[in-house]
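J.: Task: produce atomic coordinates for the following.
(4 chains)
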2 protein chains.
Amino acid sequence: MQVGEHGAMQEAILETIRQLPHFSGLAESTLRRLADASRILRPATGSLIIHEGEPCRAFFAVRQGAVRVFRVTPDGRMQILHRLGPGRSFAEAAVLNMSSYPASAEAIEDGTEVVEIGAATFLALFDTDRSMARIMLTSLCCWLRDLVSRVEELSVLSAGARLARHLLDLPARETDEGLEIVFPTSKKEIAERLGITPETLSRQLRRWQDREVIISKRDRVVLLKPDTLLTIAAES
Amino acid sequence: MQVGEHGAMQEAILETIRQLPHFSGLAESTLRRLADASRILRPATGSLIIHEGEPCRAFFAVRQGAVRVFRVTPDGRMQILHRLGPGRSFAEAAVLNMSSYPASAEAIEDGTEVVEIGAATFLALFDTDRSMARIMLTSLCCWLRDLVSRVEELSVLSAGARLARHLLDLPARETDEGLEIVFPTSKKEIAERLGITPETLSRQLRRWQDREVIISKRDRVVLLKPDTLLTIAAES
DNA sequence: CGTCATATTGATGGGCATCAATATATGTGG
DNA sequence: CCACATATATTGATGCCCATCAATATGACG
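T.: Purely as a prediction, here's the structure:
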């Protein structure tokens, strides 16, 4: 393997593990060490990435495609435990316990790419760097809090209320008209995050614009009456 | 305070912190040490539990009632960051960072009870007991995985598909009729967990019973055709 | 300027909540 | 043991929110 390619691969690995909830917040130097202990696997569809019962040497982050984690029941049937897409990881618990893999995993899409993070290096870093555990815990706590909120919101709140909350959470800038929010991502992604369709998002913004609660431009909104949005966010 | 009362209070504290995602899995002895460093607060509605900017001495778990975490914006308006109910915790990140509180928190219901877990003791334990960090991380990883799945399911799957998945996840027992599942909680709670109403749950079970996929009794179901449920769980 | 992804707007239908009534369990005190 | 009260489940009728499908519009970019 050439040096250039190696560097590019390191970048690709870095990009992937930096976005893991477990690692977000870690120092760049720590991330690089982890990346050095990692490599990218491109398992063929249907081929096993880890085998249940084997001693665990690594954990994994999905870059592309999809992976399913499963066990084989005593009577020989496959029980699927999880399906994982890009950005998800698996087998961290096995690494932390230094146990053997409690399940198997296989790629289930063509072109699946998985980052393999070596257990030994990870654990060595973890035990050496005292701040690492704290940073990881801090990050996971924040994610956990966020996800719990989202579960509650998805199961209780209407699409409008969820959107109102989301708008109020976004960083805003004072202007002479009102609070201006520039969308950090496409509306498609915002809709996906809120568990609604882009159409519903569009319509909701339109409705609020007609009621003169907001001004909706292509990639930004101006909140004319934040209090009205607060009310909407609180109810139903 | 009397010894008997003290013991009862310790039990109450233990019960609360044992259910925190962060601590589930910790050894009983560790939990007891944490409980010894904790006490129960009963803040009056509207009274502050923590003050933004103060050095952090503890983090907290809500036992009863509700708490809101907020900041005061430069222009004097209150920005609510979270509302927390029983079983939720806050200010863990501040403790892990050993920083000052980044926000304030107040009780917003009468009869609110909060467990205060001393930062010094927690950090001392954390730094002494090498397994503690791993156990906490393991537990949080599992919660994270579970929550991510639930968010995905809530935002894309139908009520029927979510229920089918849940049934297949529940512990089952082989009988001569099929897989028997005894509900561990009331149907009301199951419905709540799945983000549906009890009525919808009832109707869905009825529909499957009419199609002879399951037999639905009061507090249990028998899966006659698990494969059909698997199909339902996979689609829409 | 044509191509493509993203956004908006309209029409339609279904899933699921809501409201309401009944039935079944669980528990309480006479 | 029964009558009563309360919580939980079931079942029905109704309506609305929101997804879906489809068409158009608007921008981004080569």
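
J.: Any part of the longest helix seen in chain A near chain B?
T.: Counting by DSSP state H, the longest helix found in chain A is helix A:130-156. Yes - Helix A:130-156 lies within reach of chain B by CB under 8 Å from any CB of the partner chain, at A:130, A:133-134, A:136-138, A:140-145, A:147-151, A:154-156. Where you see a C-beta, it was placed from the backbone N, CA and C, and this is true even at glycine.

J.: quick one: contacts for the closest residue to residue A:51 other than its chain neighbours?
T.: Spatially, and ignoring its direct neighbours in sequence, residue A:51 is nearest to residue A:104 (5.4 Å; CB to CB, 6 or more residues apart in numbering or on different chains). Residue A:104 sits next to A:48, A:50-52, A:69-72 when contact means CB atoms under 8 Å, 6 or more residues apart in numbering or on different chains.

J.: a markdown table for those, including pLDDT and distance to residue A:88?
T.: Converted to a markdown table, the contacts of residue A:104 look like this (pLDDT from 0 to 100; distance: CB to CB, whole Å):
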| residue | pLDDT | distance to residue A:88 |
| --- | --- | --- |
| A:48 | 96 | 18 |
| A:50 | 97 | 15 |
| A:51 | 96 | 20 |
| A:52 | 95 | 19 |
| A:69 | 95 | 10 |
| A:70 | 93 | 15 |
| A:71 | 92 | 18 |
| A:72 | 91 | 22 |
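
J.: ok, of these, which come out buried?
T.: The neighbour count (16 or more other CB atoms under 10 Å in any protein chain shown) marks A:50, A:69-70 as buried among the contacts of residue A:104.

J.: circling back: toward the C-terminus from the longest helix of chain A, list the very next helix or strand.
T.: Following helix A:130-156 in sequence order, the next helix or strand is helix A:159-169 (DSSP states H and E).

J.: From chain B, how far off is the most centrally placed residue in chain A?
T.: Geometric centre of chain A, nearest residue: residue A:87, 5.3 Å, by CA atoms, centre = their mean. Between residue A:87 and chain B the distance is 9 Å, computed by CB to the nearest CB, to the nearest Å.

J.: Report the secondary structure state of that residue.
T.: coil (DSSP: H, G, I helix; E, B strand; the rest coil).

J.: Show the contacting residues for it.
T.: A:19-20, A:61-62.

J.: rerun that using 10 Å as the cut-off
T.: Going by CB atoms under 10 Å, 6 or more residues apart in numbering or on different chains, residue A:87 touches A:16, A:19-21, A:61-63, B:148.

J.: Inside helices: which ones of those residues?
T.: Within those, residues falling in helices by DSSP H are A:16, B:148.

J.: Closest one of the contacts of residue A:87 to DNA strand D?
T.: residue B:148 (18.9 Å; CB to the nearest atom of the strand).

J.: Could you give the number of residues near the closest one?
T.: Residue neighbour count, defined by other CB atoms under 10 Å in any protein chain shown, stands at 19 for residue B:148.

J.: Tell me the confidence at it?
T.: With respect to pLDDT, residue B:148 scores 94.

J.: Settle this for me: it is touching residue A:90, isn't it.
T.: No - using CB atoms under 10 Å, residue B:148 is not in contact with residue A:90, being 11.5 Å away.

J.: shared neighbours of those two, anything?
T.: Residues touching both residue B:148 and residue A:90 (CB under 10 Å, 6+ apart): A:82, A:84.

J.: how about the longest helix of chain A, does it get close to DNA strand C?
T.: No - figure legend: helix A:130-156 not in contact with DNA strand C (CB under 7 Å from any atom of the strand); closest approach 8.0 Å.

J.: What's the first helix or strand after the lowest-mean-pLDDT helix or strand in chain A?
T.: Sorting the helices and strands of chain A by mean pLDDT, DSSP states H and E puts helix A:3-18 at the bottom, at a mean of 78. Tracing the chain past helix A:3-18, the next element assigned as helix or strand by DSSP H and E is helix A:28-36.

J.: I'd like the distance from that following helix to the chain centre, please.
T.: In this view, helix A:28-36 has its centroid 19 Å away from the chain centroid, taken as CA atoms, centre = their mean, to the nearest Å.

J.: What residue in chain A is the furthest from its centre?
T.: Distance to the chain centre peaks in chain A at residue A:176, reaching 36.1 Å (criterion: CA atoms, centre = their mean).

J.: So that residue: helix, strand or coil?
T.: Relying on three-state DSSP, one would call residue A:176 coil.

J.: That one and residue A:224: what is the separation?
T.: 12 Å (CB to CB, to the nearest Å).

J.: Which residue comes closest to residue A:55 once chain neighbours are left out?
T.: Excluding the flanking residues, the one nearest residue A:55 by CB to CB, 6+ apart is residue A:100, at 5.1 Å.

J.: list the contacts for the one you found?
T.: A:50-56, A:94.

J.: Return the closest of the residues you listed with respect to residue A:164.
T.: Of all these, residue A:94 has the smallest distance to residue A:164: 41.4 Å, by CB to CB.

J.: hang on, the earlier thing: in ChimeraX, select just the buried ones from the residues of helix A:130-156 next to chain B.
T.: The following ChimeraX line selects those of the residues of helix A:130-156 next to chain B that are buried, judged by 16+ other CB under 10 Å:
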select /A:133,134,136,137,138,140,141,143,144,145,147,148,149,150,151,154,155
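
J.: Which ones, among the residues of helix A:130-156 next to chain B, also lie beside DNA strand D?
T.: Within the residues of helix A:130-156 next to chain B, nothing lies near DNA strand D by CB under 7 Å from any atom of the strand.

J.: Let me see the contact set for residue A:35.
T.: Neighbours of residue A:35 in contact, by CB under 10 Å, 6+ apart: A:9-18, A:115, A:117.

J.: at 6 Å what do you get?
T.: The contact partners of residue A:35, by CB atoms under 6 Å, 6 or more residues apart in numbering or on different chains, come to A:10, A:13-14.

J.: how far away is the nearest residue to it once chain neighbours are set aside from DNA strand D?
T.: Using CB to CB, 6+ apart and skipping the chain neighbours, the partner closest in space to residue A:35 is residue A:13 (4.4 Å). In this view, residue A:13 and DNA strand D are 27 Å apart by CB to the nearest atom of the strand, to the nearest Å.

J.: shouldn't residue A:13 be in contact with residue A:115?
T.: Yes - Residue A:13 is within contact range of residue A:115, at 5.4 Å (criterion: CB atoms under 6 Å).

J.: Find residues that contact each of these two.
T.: Common contacts of residue A:13 and residue A:115 (CB under 6 Å, 6+ apart): residue A:38.
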